[in-house]
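Engineer: Just a sequence and a predicted model for now, questions to come.
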Amino acid sequence: MKLLITGVTGFVGSHLVKELNESKIGKLYGLVRFGNRYAKHEGYEPIYADLTDYHYLAKIISEIKPEIVIHLAALSSVSQSFERPQEYFEVNTIGTINLAEINLKFNPYLKKFIFAGTPEEYGIQNNFPTKEDAPLNPNSPYAVSKASATKYLLYLHRAYGFPVVISRHANAYGRKIGIFSQLGVIENIVTQMLKENDVYLGDPEPRRDFLYIDDVLKWYRLLIEKGKPGEIYNAGWGKSYSIKEVAEKVKELTGFKGEIHWYSIPKRPGEVPRIELDASKAKKDLGWEPKVELEEGLMKTIEYFKNNLLL
């Protein structure tokens, strides 16, 4: 079986390609942007292309004809999307449309197109945990760009039977040094506290559902094996923690004695106050069940950075 992973040098992609390579699932191709300094070409054959270059991308897809496409590539910083909305739409929306349309037209072997959506698409909600059929209220350029891509992919499924599976998993954490250039909120808190200086953070109130990377990798394996085309699946715990609660837990686990300076980072416009994902559909259809609770995941993250962070 041939699998193409976009975003192969990113956080989830770099872990997933290793996981799939070790399982010997098939021939792995990784879509890499020209000049990407994080590309190590371990466990996959690199395919150099840009999602926004339709004609060159069409040439590549028509040559390799992957049976499974796992589309992870995206500009993903919510805060940066406010400064670069046009670029976010070009990559996240138009790039996704290009990849999907090319596979539809030039790849008769495609069995499944797994799209990495985001719970940010739900935006501000009133009912928690949030189900897949909740109305979308995206509240940032990033979230709107991903929701737009989702809508287009579902249209392709209805119109042409395009085999898309939409994934919306909780905030992933457990990044490693040198794999991903931008740390997430948990890694940011951990690394600051391990340096034993005062910690500078933004708004303490937003609440998020979190998934450790090991569970995220299991999630994508389930989607490859059991995900049903035309469906949207949430993956999370169905419970959330405020950024303040996470920081206090990391403080306890690291023995941090310094001060936390809240609101040191400007609050971004339209901050979504709470994200909790109802994953009962995925549990029923896919057998989904996360294993790594937050405290265990925080300990794993702390131990990694203790051993690898240059303090």
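Structural biologist: Perfect, I can see it now.
Engineer: So, low pLDDT: which residues of this structure?
Structural biologist: Scanning the chain for pLDDT under 70 picks out the ranges 35-41, 178-182, 310-311.
Engineer: Break it down into its structural domains.
Structural biologist: Annotated domains of the chain cover 2-171+210-235, 177-208+240-270+292-308 [automatic domain parsing].
Engineer: can you put those in JSON lines and add distance to residue 286 and mean neighbour count?
Structural biologist: Just so you know, the C-beta spots here come from the backbone N, C-alpha and C atoms, and that holds for glycine as well. Converted to JSON lines, the domains of the chain look like this (distance: least, C-beta to C-beta, whole Å; neighbours: other C-beta atoms under 10 Å):
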{"stretch": "domain 2-171+210-235", "distance to residue 286": "5", "mean neighbour count": "19"}
{"stretch": "domain 177-208+240-270+292-308", "distance to residue 286": "18", "mean neighbour count": "16"}
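Engineer: Got phi/psi on residue 115?
Structural biologist: Here is the backbone geometry of residue 115 (degrees, to the nearest 10): phi -110, psi 130.
Engineer: what helix or strand does the spatially closest residue to residue 121 that is not a sequence neighbour sit in?
Structural biologist: In space, residue 121 comes closest to residue 147 once its chain neighbours are excluded; the distance is 4.3 Å by C-beta to C-beta, 6 or more residues apart in numbering. Using DSSP states H and E, residue 147 sits in helix 141-160.
Engineer: Would you mind pulling up the elements that the helix or strand just after that helix packs against?
Structural biologist: Remark: after helix 141-160, the chain's next helix or strand is strand 164-169, criterion DSSP H and E. Strand 164-169 is packed against strand 112-116, helix 141-160, helix 213-226, strand 232-235, with contacts defined by 3 or more C-beta pairs under 8 Å, 6 or more residues apart in numbering; DSSP states H and E.
Engineer: For strand 164-169, give me every contacting residue.
Structural biologist: For strand 164-169, contacts defined as C-beta atoms under 8 Å, 6 or more residues apart in numbering pick out 100, 112-119, 121-122, 132, 150, 153-154, 156-157, 211, 216, 219-220, 223, 227-236, 277.
Engineer: Return it as PDB; C-alpha atoms alone will do.
Structural biologist: The C-alpha coordinates for strand 164-169 follow below in PDB (Å, rounded to 0.1, in the frame of the first residue of the first chain):
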ATOM      1  CA  VAL A 164     -12.600  12.000   2.800                       C
ATOM      2  CA  VAL A 165     -12.400  11.400   6.600                       C
ATOM      3  CA  ILE A 166     -12.400  14.500   8.800                       C
ATOM      4  CA  SER A 167     -10.300  14.400  11.900                       C
ATOM      5  CA  ARG A 168     -10.700  16.900  14.800                       C
ATOM      6  CA  HIS A 169      -8.500  15.800  17.700                       C
END
